[in-house]
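Engineer: Below is the sequence, then the predicted model.
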Amino acid sequence: MTNKKRVLSGIQPTADSFQLGNYLGALKQWALLENTHETFYSVVDLHAITVEHEPKVLHQRTLLAFAQIIAAGVDPEKSTLFVQSQVPQHAQLAWVLGCQTGFGEASRMTQFKDKSLKGGMERTSVGLFTYPILQAADILLYQADRVPVGEDQRQHLELTRDLAIRFNNNFGTTFTVPEPFIVKESAKILDLQDPSAKMSKSLPGGCIFLLDDEKVILKKFKSAVTDSGREITFDPKNKPGVSNLLSIISLVTQKSISDLENDFSGKGYGDLKQSAAEAVIEIVTRPFKARVDELLKDKAQLAKLISTGAQKAEAVASSTLNKVHENLGFVN
């Protein structure tokens, strides 16, 4: 037994490569949390099918996502790292929790409203509607104490907490009620072409993908939007482009912003862009790509890691689900 708090987080396999914002804002933190928490990390492929997808692409992206999590520093010996669909208890608990969720309650989820408006109600799946309930199952199944969340997921975690409390009150104490875990972060990584927006795969022009060719990465940094004036100073309000580049270099190199401002004193924006590109390529993407390639080449070893992770996850998940079924009155 361990006295460490349990943390759970997941990432969807919906792109051919993770991007720099994923890496600096989440994946690096996942690796650090292994030292202080009991960690469960998942490639949430069940969530990826709430929208149209190509099966072969999903399969490849799931393998890629699993390999990239390890390449980012997560140790499958320390963490329980698994593919969501390989643990059937996720879908089983989602049905139970769906039966505890009010229709109006689910209808108020803002992410569903936004995505269904964009895609049109006729093309919106029921799975997208019940997505937050499956997410609640993901968390409660592992009795997670803490869940790293950004603003876009805060409402979903509140639903998870409400469902845990409701189930515990109605059927006896069953679930740990999770707390939001705000990971200490130096800065948000913003889009290189539009520093008013968060870096995202939906805006590929200003997004640095970790598996991109080095020439592509260099070109994106060289064409990054900067600001008026010539001074390289950290001023997110008046110099968002320059501040974003300074933040990236700081997070990658571990140098303080003030030290970087001194380093770039008297230099131009071209020097700043070149330095940002070199830091990201040398410290992040080059070793990252090498590790991903190594993992994907040894398919048997990767399959073994995926299988072992699923077994570790299912051992915990089945224990929780058995308790759920017993408290509900199901015949075990």
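Structural biologist: Arrived safely, thanks for sending.
Engineer: Hmm, Arg166 and Phe175 touching each other?
Structural biologist: No: if you go by C-beta atoms under 8 Å, Phe175 and Arg166 don't touch, sitting 9.8 Å apart. The way it works is simple: take the backbone N, C-alpha and C, and place the C-beta from them, glycine included.
Engineer: Have a look at those two and say which one is more surrounded.
Structural biologist: When neighbours are counted by other C-beta atoms under 10 Å, Phe175 and Arg166 differ, and Phe175 comes out ahead with 26 against 15.
Engineer: Skip the chain neighbours and tell me the closest residue to that one.
Structural biologist: Ala164 (4.1 Å; C-beta to C-beta, 6 or more residues apart in numbering).
Engineer: tell me the pLDDT at Val183?
Structural biologist: Val183 is assigned 65 on the pLDDT scale.
Engineer: what's the neighbour count on Lys201?
Structural biologist: If we define neighbours as other C-beta under 10 Å, then Lys201 has 15 of them.
Engineer: how about it, what does it touch?
Structural biologist: Thr14, Ala15, Gln19, Cys207, Phe209 (C-beta atoms under 8 Å, 6 or more residues apart in numbering).
Engineer: Could you tell me how far it is located from His59?
Structural biologist: Lys201 sits 19 Å away from His59, going by C-beta to C-beta, to the nearest Å.
Engineer: Leu97 too?
Structural biologist: With distances taken as C-beta to C-beta, Leu97 is found 28 Å from His59.
Engineer: So for those two, which residue has more residues nearby?
Structural biologist: Applying other C-beta under 10 Å to Leu97 and His59 shows that Leu97 carries more neighbours, namely 25 against 12.
Engineer: Only alpha carbons, please: show the helix or strand where the more buried one lies as CSV.
Structural biologist: Element membership for Leu97 (DSSP states H and E) is helix 89-98. Below are the C-alpha coordinates for helix 89-98, written out as CSV (Å, rounded to 0.1, in the frame of the first residue of the first chain):
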residue,chain,number,x,y,z
GLN,A,89,-15.0,-1.4,-16.9
HIS,A,90,-14.9,2.2,-18.3
ALA,A,91,-17.9,1.6,-20.5
GLN,A,92,-19.7,-0.5,-17.8
LEU,A,93,-19.4,2.2,-15.1
ALA,A,94,-20.3,4.9,-17.7
TRP,A,95,-23.7,3.2,-18.1
VAL,A,96,-24.3,3.1,-14.3
LEU,A,97,-23.3,6.8,-14.0
GLY,A,98,-25.5,7.7,-16.9
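Engineer: could you say what helices and strands that helix packs with?
Structural biologist: Applying 3 or more C-beta pairs under 8 Å, 6 or more residues apart in numbering; DSSP states H and E, one finds that helix 89-98 makes contact with helix 126-140, helix 299-328.
Engineer: hang on, the earlier thing: sort out for me which of the contacts of Lys201 are in strands.
Structural biologist: Assigned to strands by DSSP state E, none of these qualify.
Engineer: ok, of those residues, which one's closest to Ala317?
Structural biologist: The closest of the contacts of Lys201 to Ala317 turns out to be Thr14 (C-beta to C-beta; 23.2 Å).
Engineer: What values do phi and psi take at the nearest residue to the closest one once chain neighbours are set aside?
Structural biologist: In space, Thr14 comes closest to Ala48 once its chain neighbours are excluded; the distance is 5.4 Å by C-beta to C-beta, 6+ apart. Reported as degrees, to the nearest 10, the phi and psi values for Ala48 are phi -70, psi -20.
Engineer: Run a quick neighbour tally on Ala48.
Structural biologist: Neighbours around Ala48, by other C-beta under 10 Å: 19.
Engineer: and the one helix or strand the residue nearest to Phe175 maps to, which residues are buried?
Structural biologist: Secondary structure from DSSP H and E places Ala164 in helix 154-171. Neighbour counts over helix 154-171 (16 or more other C-beta atoms under 10 Å) mark His156, Leu157, Leu159, Thr160, Arg161, Asp162, Leu163, Ala164, Phe167, Phe171 as buried.
Engineer: With pLDDT added, can I get the residues you listed in JSON lines?
Structural biologist: Listed next are these as JSON lines, based on pLDDT from 0 to 100:
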{"residue": "His156", "pLDDT": "85"}
{"residue": "Leu157", "pLDDT": "92"}
{"residue": "Leu159", "pLDDT": "94"}
{"residue": "Thr160", "pLDDT": "96"}
{"residue": "Arg161", "pLDDT": "97"}
{"residue": "Asp162", "pLDDT": "96"}
{"residue": "Leu163", "pLDDT": "98"}
{"residue": "Ala164", "pLDDT": "98"}
{"residue": "Phe167", "pLDDT": "98"}
{"residue": "Phe171", "pLDDT": "98"}
